[in-house]
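Student: please find the sequence and the predicted model below.
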Amino acid sequence: QVQLVETGGGLVQAGGSLRLSCAASGRTFTYDHMAWFRQAPGKGREFVAGISWNGGETTYTDSVKGRFTISRDNADHTLYLQMNSLKPEDTAVYYCADTPRYTTSRSVPDAYDYWGQGTQVTVSS
């Protein structure tokens with residue numbers, strides 16, 4: 001059974017940092033494209049960052065560029081999101097996502113086949 005399990009969320013003050021992890025199991029993710037999305041209350045699921053299978057290509061939404069870093073460890077089957085200089089507007093449930101399919105539309109939720117259950121990130125002002 002395919003599983004993506006996110007950890008590392010929590011409550012942090014503005015300007016602080018958190019590191020999210022996503023542990024993958026149940027199939028080989030090594031050659032998959034993976035990403036982080038987030039969803040704030042009353043809003044749709046928003047693309048945050050994506051990474052190619054070997055980590056050679058990363059993309060970010062404009063609002064997190066320079067503050068967040070996505071990375072992966074294929075040997076450990078884990079995806080990471082290092083979040084620095086956090087702002088109250090970063091408050092959301094964060095989800096990791098995976099797809100083995102080739103697609104150019106990697107910032108839309110429909111491009112992904114597997115999802116974690118989400119981890120809450122709350123940034124206080």
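Tutor: Ah, there it is. The structure displayed is predicted, hence computed values, not measured ones.
Student: strands of the chain, start to end?
Tutor: Taking DSSP state E, the strands of the chain run over residues 3-7, 10-13, 18-25, 33-39, 46-51, 58-60, 68-73, 78-83, 92-99, 114-115, 119-124.
Student: residues touching the fourth one, excluding its own?
Tutor: Read it as strand 33-39. 20, 22, 45-53, 70, 72, 79, 81, 90, 92-99, 103, 106-107, 109, 112, 118, 121 (Cβ atoms under 8 Å, 6 or more residues apart in numbering). In short, each C-beta sits where N, CA and C put it, glycine included.
Student: just the buried residues of the residues you listed.
Tutor: By neighbour count, with 16 or more other Cβ atoms under 10 Å, the contacts of strand 33-39 hold 20, 22, 45, 47-51, 70, 72, 79, 81, 90, 92-99, 106-107, 112, 118, 121 as buried.
Student: quick one: contacts for residue 78?
Tutor: 21, 22, 23, 24, 72.
Student: now do the phi/psi pair for residue 28.
Tutor: Dihedral pair for residue 28: phi -90, psi 120, per degrees, to the nearest 10.
Student: pull up the gap between it and residue 105, please.
Tutor: 23 Å (Cβ to Cβ, to the nearest Å).
Student: between those two, which has more neighbouring residues?
Tutor: residue 28 (10 against 7; other Cβ atoms under 10 Å).
Student: residue 37 versus residue 48, what's the distance?
Tutor: Distance from residue 48 to residue 37, by Cβ to Cβ: 6 Å.
Student: contacting residues around the residue lying closest to residue 36 once chain neighbours are set aside?
Tutor: Closest residue to residue 36 apart from its sequence neighbours, by Cβ to Cβ, 6 or more residues apart in numbering: residue 48 at 4.3 Å. Neighbouring residues of residue 48 by Cβ under 8 Å, 6+ apart: 35, 36, 37, 38, 60, 61, 64, 68, 81, 94.
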